[in-house]
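Trainee: Have a look at this prediction, sequence included:
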Amino acid sequence: MTVPDPPGEASADRTADRALRAAARHSAGRLAAAAACSVAAAGAALAEPAVLGHTLDLLLRQDPAGPRWTVWCAAVIAAEVLLDAATVRLTGGVDARSTAWLRRLGLGRLLRTAPHRAARHSPGELSARLTAQATTAGAVPAAVVTASVALLPPLGGLVALVLVDVWTALAFLAGLPVLALLLRAFARDSGASVSRYQEVQLDLAGRLVEALGGARTIAAAGTAEREQARVLARLPELGVEGRRTWRIYGATMARTAALMPLLLYVVLGVGGVRLAEGALGVGGLLAAVRYAGLAAGVGAVTGRLAAVVRGRAAARRTAALFELPELPQGERRLPASGSGTLELCAVRVVRAGTVLLHDVDLRIPGGTTAVVVGRSGSGKTTLAAVAGRLTGCDAGRVLLDGVPLDELSTEELRREVGHAFERPALFGGSVAAAIAFGGGPDPGPDPGAVRAAARAAGADAFVRRLPEGYDTALADAPLSGGELQRLGLARAFCRAGRLLVLDDATSSLDTLTAREVERALAREVRPGTRLVVAHRVSTAARADLVVWLDAGRVRATGTHAALWRDPDYRAVFGAGAEPEPEPERESEPAAEPPEREAVR
């Protein structure tokens, strides 16, 4: 569902205006060129009536200078046409650059914020903000310039009309107050209507993507018609707002279209009387009518004003992404000799007024495998996210080898802290690229390291069976839930650092495969600290340390065998859960070929 924009109309308007000004600065050169061409075209348009009228008078008097002025007249007209074309071309470039800049800014802020903040907006809503609405907002800088310059011919035409004949100018001025009232009402009414239209549009987009994401569930439940009705429930409201917007625009255009010809007829009538009186020549009358036509062009500003109104409303929607707070990072590096000791000191996390972690104090020695267990809603995933700096804490500190995570540089953090998730998202053109994904601008692991990581995650066998093996495109690789998880684990193993956070990352694996992955994690992946969120008794039994969470608090820590004596701990794993026997000690592995070396 669509999440409302941050409260405060004034705040949203200020954010949108700042973003639009920044977009204008991003294309300042092209925008200045477009403005210069537009101003020059306006100057040519203003010069044309005077040149045309003077040329006509010269030709009527058969003055020898007439042919020369005819050439000047043609040159002015040609310059106006060419300058208008250049303005259109430059304006299109400014629109494209401004749109791209707004999209990059919004997407960058979205990806740099904490995931829980980004999750407040549905995927469909975010898509609409970054596509259609960013495009509409991106047109504002050029629209403001062209709308401002578009006022020059009408204003210049009015001044020239006064200079040509004051009485025709007064006749034209009589209708301008009515036009001003029309434009003011249009800006007010259309702004509110466009804002409501875009709000409904965002909600529809959010509902549609939700339905597409749950297509299998909808099909299994047989609720396709009900979901269709839910998705399209606000479509009539969208139609009402759309029609209202166009009615406002159409009514304003119709009134201005009726008013402007009336003013021109009045000017023509007054000019005819002045011509009959001998106070105005034929060329002067032609110039007066042409300048009145230019002055009447103020009504055409309505279209550009509509673009600005739509763009500012869209910018308010897009600018909601710009207000997402970034997760701050520093510039420090970890000590080279560190072993991956993880410490949480009085960590407190609050979301939407609910305390998810209550002053958690925890120390996990370097090289330890610590399993986090607890009932649903106890804060396990939040603890994993805080420990890996996917989200910040509202109080307290998280340290890795004595360095607060928020003081590390982004590159250092992501190089030394890896993650694997319950439902991993894969990126890349092929399976190999998906496993190697991450790590910033470096070239990434070589193919041998990718295959070694896949073997450690139990993925090598099924990857080799794919049509093109590791080069198979992700879109052509039908993956089960367990296979998807194994590729996610392979990605984490491929770039394992001194801390590896596994958030329920083996939940879709069968027990035998999960044990093989745990064994490979201990023997074949770069040594380091492991923080594992798990629900299996077997995973807890094989851990060096178990962290038992209860309602956001650490209820106890210790070995699985020690904690198993507590009936409340046993209840975490469900009724009838049996303690896992102590794992057998394994002999030292035989020497492995080079491709089986530790993954990193």
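Mentor: Yes, it's here. Bear in mind that the values here come from a model prediction, so they are computed numbers and not experimental data.
Trainee: Quick one: neighbours of Val532, just the number.
Mentor: For Val532, the neighbour count with other Cβ atoms under 10 Å is 28. Backbone N, C-alpha and C define where each C-beta goes, glycine included.
Trainee: That one contacts Ala370, doesn't it?
Mentor: Yes - the pair formed by Val532 and Ala370 meets the contact definition of Cβ atoms under 8 Å, at 7.0 Å.
Trainee: Need the overlap of contacts for those two.
Mentor: Ala543 (Cβ atoms under 8 Å, 6 or more residues apart in numbering).
Trainee: name the helices or strands packed onto the host helix or strand of Ala314?
Mentor: If you go by DSSP states H and E, Ala314 is part of helix 301-322. Judged by 3 or more Cβ pairs under 8 Å, 6 or more residues apart in numbering; DSSP states H and E, helix 301-322 is in contact with helix 9-26, helix 66-112, helix 123-130, helix 132-138, helix 140-150, helix 176-213, helix 235-276.
Trainee: distance between the longest one and the chain's centre?
Mentor: So the one you mean is helix 66-112. Taking Cα atoms, centre = their mean, to the nearest Å, one finds the center of helix 66-112 at 27 Å from the center of the full chain.
Trainee: Give me the next element, helix or strand, following that helix.
Mentor: Downstream of helix 66-112, the first helix or strand assigned by DSSP H and E is helix 115-118.
Trainee: Next, work out how far apart the residue lying closest to Ala473 once chain neighbours are set aside and Gly469 are.
Mentor: Counting by Cβ to Cβ, 6 or more residues apart in numbering, Ala473 lies nearest to Ser430, which is 5.8 Å off, once chain neighbours are set aside. Ser430 sits 9 Å away from Gly469, going by Cβ to Cβ, to the nearest Å.
Trainee: which neighbours do these two share?
Mentor: Counting by Cβ under 8 Å, 6+ apart, Ser430 and Gly469 have no shared contacts at all.
Trainee: list the contacts for the nearest residue to Asp566 once chain neighbours are set aside?
Mentor: Spatial nearest neighbour of Asp566, excluding adjacent residues (Cβ to Cβ, 6+ apart): Ala556 at 7.4 Å. By Cβ under 8 Å, 6+ apart, Ala556 lies in contact with Trp548, Leu563, Asp566, Tyr569.
Trainee: Now, those residues that are in strands?
Mentor: If you go by DSSP state E, the contacts of Ala556 have Trp548 in strands.
Trainee: what residue ranges in the stretch 201-350 of the chain are flagged as low confidence?
Mentor: Counting by pLDDT under 70, the low-confidence segments of the stretch 201-350 of the chain come to 216, 248-265, 268, 281-285, 293-303.
Trainee: Ala571: neighbour count?
Mentor: Count around Ala571 with other Cβ under 10 Å applied: 11.
Trainee: for the helix or strand encompassing it, which positions count as buried?
Mentor: Applying DSSP H and E as the criterion places Ala571 in helix 567-572. Residues of helix 567-572 classed as buried by neighbour count (16 or more other Cβ atoms under 10 Å): Tyr569, Arg570, Val572.
Trainee: separation between the second one and Leu130?
Mentor: With the distance defined as Cβ to Cβ, Arg570 ends up 49 Å from Leu130.
Trainee: ok, now the last one?
Mentor: From Val572 over to Leu130 the distance is 42 Å, taken as Cβ to Cβ.
Trainee: Same question for Ala229.
Mentor: In this structure, Ala229 and Leu130 are 28 Å apart, going by Cβ to Cβ.
Trainee: So for those two, which residue has more residues nearby?
Mentor: Ranked by neighbour count (other Cβ under 10 Å), Ala229 and Leu130 place Leu130 first, with 20 against 10.
Trainee: from what I can see that one touches Gly106, true?
Mentor: Yes - between Leu130 and Gly106 there is a contact under Cβ under 8 Å: 5.5 Å.
Trainee: overlap in contacts of these two?
Mentor: The contact sets of Leu130 and Gly106 overlap at Thr318, Leu321 (Cβ under 8 Å, 6+ apart).
Trainee: Report the contact partners of the residue nearest to Ile77 when sequence neighbours are not counted.
Mentor: Using Cβ to Cβ, 6+ apart and skipping residues adjacent in sequence, the residue nearest Ile77 is Glu48, 6.3 Å away. When contacts are counted by Cβ under 8 Å, 6+ apart, Glu48 is found next to Cys73, Val76, Ile77, Glu80, Arg290.
Trainee: got the buried residues for the strand or helix carrying Glu48?
Mentor: Secondary structure from DSSP H and E places Glu48 in helix 28-60. For helix 28-60, burial by neighbour count (16+ other Cβ under 10 Å) applies to 30-31, 33-35, 37-58.
Trainee: Equivalent analysis for stretch 17-27, please.
Mentor: Those would be Ala19, Leu20, Ala23, Ala24, His26, Ser27, for stretch 17-27 by 16+ other Cβ under 10 Å.
Trainee: Can you tell me which of the contacts of Ala556 are buried?
Mentor: Buried residues within the contacts of Ala556, counting neighbours by 16+ other Cβ under 10 Å: Trp548, Leu563, Tyr569.
Trainee: so what's the first one scoring on pLDDT?
Mentor: Residue-level confidence at Trp548 comes out at 94, pLDDT.
Trainee: That one: what's it in contact with?
Mentor: Residues in contact with Trp548 (Cβ under 8 Å, 6+ apart) are Val373, Gly374, Val554, Arg555, Ala556, Thr557, Leu563, Tyr569, Val572.
Trainee: Report the beta-bridge partners for the first one.
Mentor: In other words, Val373. Taking DSSP bridges, one finds Trp548 as the beta-bridge partners of Val373.
Trainee: That one contacts Leu545, correct?
Mentor: No - between Val373 and Leu545 there is no contact under Cβ under 8 Å: 11.1 Å.
Trainee: Those two - which one has more neighbours?
Mentor: Between Val373 and Leu545, counted using other Cβ under 10 Å, the more crowded position is Val373 (26 against 20).
Trainee: Next, work out how far apart the more buried one and Leu342 are.
Mentor: Distance from Val373 to Leu342, by Cβ to Cβ: 17 Å.
Trainee: Next: Gly429.
Mentor: For Gly429, the distance to Leu342 - Cβ to Cβ - is 35 Å.
Trainee: More neighbours: which of the two?
Mentor: The residue with more neighbours, out of Gly429 and Leu342, is Leu342; 25 against 11, by other Cβ under 10 Å.
Trainee: That one bridge partners, please.
Mentor: Ile364, Leu400.
Trainee: Can you pull out the low-pLDDT segments for the protein?
Mentor: The chain contains residues with pLDDT under 70 at 1-12, 172-191, 216, 248-265, 268, 281-285, 293-303, 439-444, 575-600.
Trainee: which SS class is Gln329?
Mentor: Following DSSP: H, G, I helix; E, B strand; the rest coil, Gln329 is assigned to coil.
Trainee: doesn't Arg414 make contact with it?
Mentor: No - between Gln329 and Arg414 there is no contact under Cβ under 8 Å: 9.7 Å.
Trainee: Pull the number of nearby residues for the residue nearest to Ala514 when sequence neighbours are not counted.
Mentor: Among residues not flanking Ala514 along the chain, Thr506 sits closest, at 4.5 Å (Cβ to Cβ, 6+ apart). Thr506: 29 surrounding residues under other Cβ under 10 Å.
Trainee: Who are the contact partners of Thr506?
Mentor: Applying Cβ under 8 Å, 6+ apart, we find Thr506 in contact with Gln485, Leu489, Thr513, Ala514, Val517, Glu518, Ala534, Arg536, Thr539.
Trainee: and of the residues you listed, the nearest to Thr135?
Mentor: Nearest to Thr135, judged by Cβ to Cβ, of those is Gln485 at 37.7 Å.
Trainee: distance of the closest one from Gly377?
Mentor: 22 Å.
Trainee: These two: which is more packed in?
Mentor: Between Gln485 and Gly377, counted using other Cβ under 10 Å, Gln485 has the larger neighbour count: 28 against 12.
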